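**Q** From the sequence below, what's the structure:
(chains A and B)
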Amino acid sequence: MSDFTSGFWNWYVALITVLGIAGCAILLWTQSRHRVRLDEHGQPEKTTGHVWDEDLTELNTPMPRWWMGMFYLTIAFGAGYLVLYPGLGSYAGRLGWASSGAYKQELAKANADYGPLFAQYLRRDLKEVAADPQAHAIGERLFLTYCAQCHGSDARGNKGYPNLTDNDWLYGGDPSVIKETIMKGRNGQMPPMGAALGGDADVENVAHYVLSLSGAPADPVKVAFGKPKFGACAACHGADAHGNPMLGAPNLTDKTWLYGGSPETVMETIRKGRNNTMPAWGEFLGEDKVHVLAAYVWSLSNVTVVPQAAAHEVAAK
Amino acid sequence: MNAPAPKEAIIKMYAAREEIHPREVKGTFATLRRVCVWLTQLLFYGLPWLALHDRQAVLFDLGARKFYLFGLVLWPQDFIYLAGLLIISAYGLFLATAVAGRVWCGYACPQTVYTEIFLWIERRIEGDRSARIRLDRQPWSLEKVAKRGGKHLAWGTVALWTGFTFVGYFTPIRTLAEAALHVRLGPWEAFWIVFYSLATYGNAGWLREQVCKYMCPYARFQSAMFDRDTLIVSYDTARGEPRGALRNGNGKDSGKGDCIDCSLCVQVCPVGIDIRNGLQYECIGCAACVDACKGVMDKVGKPRGLIRYATENALANGWDGWRIGTRILRPRTIGYGLVFVLMAVGMSTALALRTPLKLDVIRDRGSMGREVEDGRIENVYRLQLMNTGERAHWFRLAVHGIASADIVEEELVDMAGASARAVPVRVRIDRAAVVTGSNKLTFTATAVDDPALTVTEQAVFIVPR
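**A** Residues are numbered from 1 along each chain as shown, chains lettered A, B, ... in the order given. Below you'll find the model as predicted:
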């Protein structure tokens, strides 16, 4: 452990700590007794002998002894703490306690508590898990925590982030594929095609042809010019433009547009290409959670009656 | 300087506690205190055993962060009520102190109440003051061991029961009792039971008046609420002095005051002071000396009230009870009383009108808004709903503020009693009806079976360019 660039500071901090505690002990010891004068009867005076502003004296009203004992106890506690726990410079303490260790402990406990639940889902088929109300509630919470930032709380996506409720899938909608997508992530690449197609006019013609495939308004002349040029796109999107789930190449004949379906946006996509990333969650969440999550995502477009944790029935009991 | 150097001595700045053995006292105020002990302890020991709707009536469930107070369920969001309760309690205390001095300390404070209980046990086992002092001086014998052992055993039992009851306010007491009977307590439950037991045993058995004298902050700052019209336990110096023993020879003309210097007032004092020295910060206003002196005055045939509840003004001017009463209403007490009443009324009203339903609207930050079919604009929200009541409800969600706004799909939300849920909600509007940018929108959630159970929350709808 080296929090400091120089070992000097460890000693500096440790020394101040030790001196501070020792100073408290010394102060306590020296202040528990006091030398006073005897009065004319040979009795100790009632004041401490301190005089301020000529005639202001301090009456000696003794504190309770147990109070002093508590001060010594705090010193003993402090010393014991510094031996057992980190605190004295960079000394880690005999118990080896660390806040990161506490986190790991909590995590291990949570895994021990919830692990069997997830493990039980992991053993079951994804479609079966999707129909389980409790798994659905867990999946929803996982989704709202980890996925909603990009795909939206309602899972309907945003520009560049696919809608997960429309049963239109770039890589295929089988639950196992969805699980793979979440586990390993995806990197969708559409190369810039401007140069390959020719000039700006060719890009525009191809864009109009692509738009015409899904019945969007398009210039018939440009469509006619664009159609022969589509061969360059067919390698990924297929000759019939139905896309290729192996590559994540979208179907161009439906009305689903990841980046927008206006002629300008389509032209931009063709000219500049697109690069999109879905991060891999397998390592972070673990397969058991991803399993429940995948079932939830699949259920969004495949389970018509979304099961709800039967709150009413539970409460009614 | 020829004078010899003054002799010096070493003194200790810390002193051991001197044991106080208050003598048992009977009288009006002692009875009043006993009544207070019974009332507060019946309440404290009994309350956690009350059940309501299949649950403990009063339970502070820290783990679930829900505080059950009979029909009321308080959530962390209701923290303001606790603050209000503390303010009301504080001003109630200020008012009582300004009028009647340390009556809280003398009659109702747990420190006094438990000391009273422990003292009662001590008296039953070891005897009254003189017997206890004798026992203190005795060398160790079988009798002393038996008495001391019996006392500590009895104290320990009461302390354990107290610790157990206290923990029973935070974890269901019936389950706790079962676990305790089978010695299956969890580590934390066991720790806190032992902790509060030790605190009770130590405070009521050993520390007693030390708590009031050295630990209690309230004991120190309540003198700020005293004035010359505050009732304090007072010794009537004018009547009592010069004090002196009553002898057969002393007639009425002996020139002595009414105080016969029997020292009973000192013997009964739980904090070990002599009230005849005037008001002292140690005095907890318990009036044990008032009761004691009353009996003595009756015996010697003098009027009662040599030591009595009186105000400084009353003592100085010889006022009677009625004159003291006329001084109860004064700017200080009116001020305290006004705040007390205002807060009490305000808090009760707020509690009575409180809707057991909370709604937070969180707009999805991922997108400004998206265009959907028919050129409508859609925004996504996460509605954080908390059904803080104990009954389950279906809640209908609705939006207002923009004419064309409506919620897509799930408008009904099913919620169990005392539960929270996040509901994603999509709202669509016609672009023509609104301006580009931010538009005000309000969400409402209303219970289907109870239209009065409704809550409204502000939000914005963003229309992108």
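**Q** Write out the residues of the stretch 151-300 of chain B neighbouring chain A.
**A** Taking C-beta under 8 Å from any C-beta of the partner chain, the part of the stretch 151-300 of chain B that reaches chain A is made up of B:207, B:210, B:213-214. (C-beta placed from N, C-alpha, C; glycine too.)
**Q** what's the offset of stretch B:393-402 from the middle of its chain?
**A** The chain centroid and the centroid of stretch B:393-402 are separated by 42 Å under C-alpha atoms, centre = their mean, to the nearest Å.
**Q** helices and strands of chain B: which one bottoms out on pLDDT?
**A** Every helix and strand of chain B was ranked by mean pLDDT, DSSP states H and E. The lowest is strand B:370-372, at a mean of 78.
**Q** Contact partners for residue A:94?
**A** A:83-84 (C-beta atoms under 8 Å, 6 or more residues apart in numbering or on different chains).
**Q** does it count as helix, strand or coil?
**A** Taken by DSSP: H, G, I helix; E, B strand; the rest coil, the conformation at residue A:94 corresponds to coil.
**Q** Would you check how far apart it and chain B are?
**A** Taking C-beta to the nearest C-beta, to the nearest Å as the measure, residue A:94 falls 22 Å from chain B.
**Q** ditto for residue A:298
**A** Distance of residue A:298 to chain B, computed by C-beta to the nearest C-beta: 17 Å.
**Q** can you list contacts of the strand or helix carrying that residue?
**A** Following DSSP states H and E, one finds residue A:298 within helix A:287-302. With C-beta under 8 Å, 6+ apart as the test, helix A:287-302 has contacts from A:115, A:118-119, A:121-122, A:126-127, A:129-132, A:135-136, A:138-140, A:142-143, A:146-147, A:155, A:164-167, A:173, A:175-176, A:178-179, A:182-183, A:281-282, A:285, A:306.
**Q** Run through those and flag the ones next to chain B.
**A** Applying C-beta under 8 Å from any C-beta to the contacts of helix A:287-302, one finds that residue A:155 fall near chain B.
**Q** Buried subset of the contacts of helix A:287-302 as a PyMOL selection?
**A** Selection of the buried residues among the contacts of helix A:287-302 in PyMOL, burial being defined by 16 or more other C-beta atoms under 10 Å in any protein chain shown:
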select buried, chain A and resi 118+121+122+126+129+130+131+132+135+136+138+139+140+142+143+146+147+155+164+165+166+173+175+178+179+182+183+281+285
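**Q** Of the contacts of helix A:287-302, which belong to helices?
**A** Counted as lying in helices by DSSP state H, out of those, are A:115, A:118-119, A:121-122, A:126-127, A:129-130, A:135-136, A:138-140, A:142-143, A:146, A:175-176, A:178-179, A:182-183, A:282, A:285.
**Q** Please tell me how far the most centrally placed residue in chain B sits from chain A.
**A** For chain B, the residue sitting closest to the mean C-alpha position, by C-alpha atoms, centre = their mean, is residue B:89 at 7.4 Å. Note on residue B:89: its distance to chain A, by C-beta to the nearest C-beta, is 28 Å.
**Q** Can you tell me the SS state at residue B:461?
**A** What three-state DSSP gives for residue B:461 is strand.
**Q** Which residues are in contact with it?
**A** B:369, B:377, B:379, B:402, B:405, B:427, B:429, B:434, B:438-441.
**Q** hmm, 7 Å instead?
**A** By C-beta atoms under 7 Å, 6 or more residues apart in numbering or on different chains, residue B:461 lies in contact with B:379, B:402, B:405, B:427, B:429, B:439, B:441.
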